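Participant: for reference, the sequence and a predicted model appear below.
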Amino acid sequence: MTSERAAMSDPDLAGAVTDALRAPSVQNTQPWKWRILDDSVQLYADEDRHLYVTDPEQRDLVLSCGAALHHLLVALAARGVGTDVTRLPDPEDCDHLATVAVNPASAPDALTASLYPAIAARRTDRRRMSDDPVSPDQVEALQEHAGHVGGLLVPVTEPHAREQLVATLTEANEQQRHEPGYASELRLWTHRLPGSHDGIPADAVAASVCGARPTGLRRFGPATLAQPPLSPGHTPDDAAEFLVVATPTDTVLDHIRAGEATSAVLLAATRMGLATTPLSQALEIDSCRHRIRTEVLRMPEYPQLVVRVGLPATGADELPVTPRRALRSVLLPG
């Protein structure tokens, strides 16, 4: 295996980067660029895909790139490749977020490699989920995956705290709707031209469930994804859990780490057969983010993203694959 890693070629790295392109990103903007060298891959933020109104501090952009970085590490580990990762390697270039170097002397991480089958299977599910609860063991396993990559995953299970969180998500939606330029920015990424390879298509968005409690989901554009049928005797409410990805401080490095932890949680949940929805809107409004930190979580750590996790509803159709840009569209010259 060591000799195979040492003989790794450009096409092997290209395949791993292609897998990394399946990572989730804010409004599916895919805000990254990559440079593939003989024995390393460099990850850059793509400033041209920055959502200036939605994400003024670029937290979502960097977090999205962190998720892509983790996807890359999963893909390389699954190929038997050991790596050394340098985050923020160039103080002179703030867009250069990470360099991943092949290390033939390093064994790939087995837990990271185990997530590889979930890369192709993972989808963002914005529909009603099952009214059967996620088990405590599953939540604990997700917390372990987040911790394995340096993140913290905090379940919001206490009823009052959960109500506060949903109310804060809903308030963030309302505030953003009245932010100058937000509607235009949202429309840009939810009304892409036919054949586009980014953005959120209508078949990935479902209309709200009539009679259900608020879930705090962001309001997108056209919604043609069917909600699962409601079984007799069941309420329209689901039992999805809200889990918050948090970090000790709030630097760019923390935002990268939060993206890596988010990727680990989403992929691990997919492996468990769970449905997931990343929710960023409440962290995009300073006052709402502060409220989550001080009133919902009541902890010194900084919330970076909310992840809604639940069992898929009975009868839910398979989710469509969301569009992705081709590798050639995101490569920088070597």
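Facilitator: Great, that's in hand.
Participant: what about the helices in the stretch 101-250 of the chain?
Facilitator: With DSSP state H, counting those that start in this stretch, the ranges of helices along the stretch 101-250 of the chain come out as 110-113, 117-121, 136-148, 159-177, 182-190.
Participant: in CSV: those helices, plus mean neighbour count.
Facilitator: Yep, even glycine has a C-beta here, placed from its N, CA and C like the rest. Shown next, in CSV, are those (neighbours: other C-beta atoms under 10 Å):
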stretch, mean neighbour count
helix 110-113, 15
helix 117-121, 15
helix 136-148, 17
helix 159-177, 17
helix 182-190, 16
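Participant: Pro214 is nearest to which of those?
Facilitator: helix 159-177 (5.4 Å; C-beta to C-beta).
Participant: how much distance is there from that closest one to the middle of the chain?
Facilitator: 20 Å (C-alpha atoms, centre = their mean, to the nearest Å).
Participant: which residues sit against it?
Facilitator: With C-beta atoms under 8 Å, 6 or more residues apart in numbering as the test, helix 159-177 has contacts from 54, 156, 182-183, 213-219, 242, 244, 279, 281-282, 284-285, 288, 291-292, 295-297, 306.
Participant: before we move on, what about stretch 98-105?
Facilitator: Stretch 98-105 is contacted by residues 2, 5-6, 8, 13, 39-43, 65, 69, 72-73, 76, 81-89, 256 when judged by C-beta under 8 Å, 6+ apart.
Participant: thinking again about what came up before, so which of the contacts of helix 159-177 are in strands?
Facilitator: 156, 242, 244, 279, 306 (DSSP state E).
Participant: show the model's pLDDT score for the closest residue to the fourth one other than its chain neighbours.
Facilitator: When the adjacent residues along the chain are set aside, Leu279 lies closest to Val306, with 4.2 Å between them (C-beta to C-beta, 6 or more residues apart in numbering). In the predicted model, Val306 carries a pLDDT score of 98.
Participant: any idea how far Asp317 is from Val306?
Facilitator: Using C-beta to C-beta, to the nearest Å, we find Val306 at a distance of 25 Å from Asp317.
Participant: lowest-scoring secondary structure element of this structure by mean pLDDT?
Facilitator: helix 2-6 (a mean of 40; mean pLDDT, DSSP states H and E).
Participant: how about low-confidence regions in the protein?
Facilitator: 1-11, 210-211, 233 (pLDDT under 70).
Participant: please parse it into its domains.
Facilitator: Segmentation of the chain into domains, based on automatic domain parsing, reads 2-122, 136-310.
Participant: ok, back up a step: quick one: neighbours of the residue nearest to Leu279, just the number.
Facilitator: Neighbourhood size, Val306 [other C-beta atoms under 10 Å]: 25.
Participant: contact partners for it?
Facilitator: 165, 169, 216, 242-245, 278-280, 282-283, 292.
Participant: nearest residue to Glu185 in space, please, no chain neighbours.
Facilitator: Among residues not flanking Glu185 along the chain, Val53 sits closest, at 4.8 Å (C-beta to C-beta, 6+ apart).
Participant: is it correct that that neighbour is in contact with Gly181?
Facilitator: Yes. Val53 lies in contact with Gly181 (C-beta atoms under 8 Å); the separation is 4.3 Å.
Participant: looking at the two, which has the bigger crowd around it?
Facilitator: Using other C-beta under 10 Å as the criterion, Val53 and Gly181 rank with Val53 on top: 15 against 11.
Participant: over to Trp32: give its phi and psi.
Facilitator: Main-chain dihedrals, Trp32, degrees, to the nearest 10: phi -140, psi 160.
Participant: do the same with the one 4 residues further on
Facilitator: Reported as degrees, to the nearest 10, the phi and psi values for Ile36 are phi -100, psi 120.
Participant: element containing the closest residue to it other than its chain neighbours, please.
Facilitator: Distances taken as C-beta to C-beta, 6+ apart place Leu13 nearest to Ile36, at 5.0 Å, with adjacent residues excluded. For Leu13, the host element (DSSP states H and E) is helix 10-20.
Participant: and that helix, what does it pack against?
Facilitator: Helix 10-20 sits against strand 32-36, strand 40-45, helix 59-78, helix 327-330, with contacts defined as 3 or more C-beta pairs under 8 Å, 6 or more residues apart in numbering; DSSP states H and E.
Participant: can you do 6 Å?
Facilitator: Counting contacts by 3 or more C-beta pairs under 6 Å, 6 or more residues apart in numbering; DSSP states H and E, helix 10-20 packs against strand 32-36, helix 59-78.
Participant: most tightly packed of the ones you listed?
Facilitator: Highest mean neighbour count among those (mean count of other C-beta atoms under 10 Å): helix 59-78, with a mean of 27.
Participant: how many degrees apart are that helix and helix 10-20 in direction?
Facilitator: Helix 59-78 and helix 10-20 are oriented at 130 degrees to each other (axes from the mean of the first three to the mean of the last three C-alpha atoms, to 10 degrees).
Participant: run through who's touching stretch 43-62.
Facilitator: Stretch 43-62 is contacted from outside by 26, 29, 31-33, 65, 69, 95-98, 179, 181-182, 185, 252, 255-256, 280, 284, using C-beta atoms under 6 Å, 6 or more residues apart in numbering.
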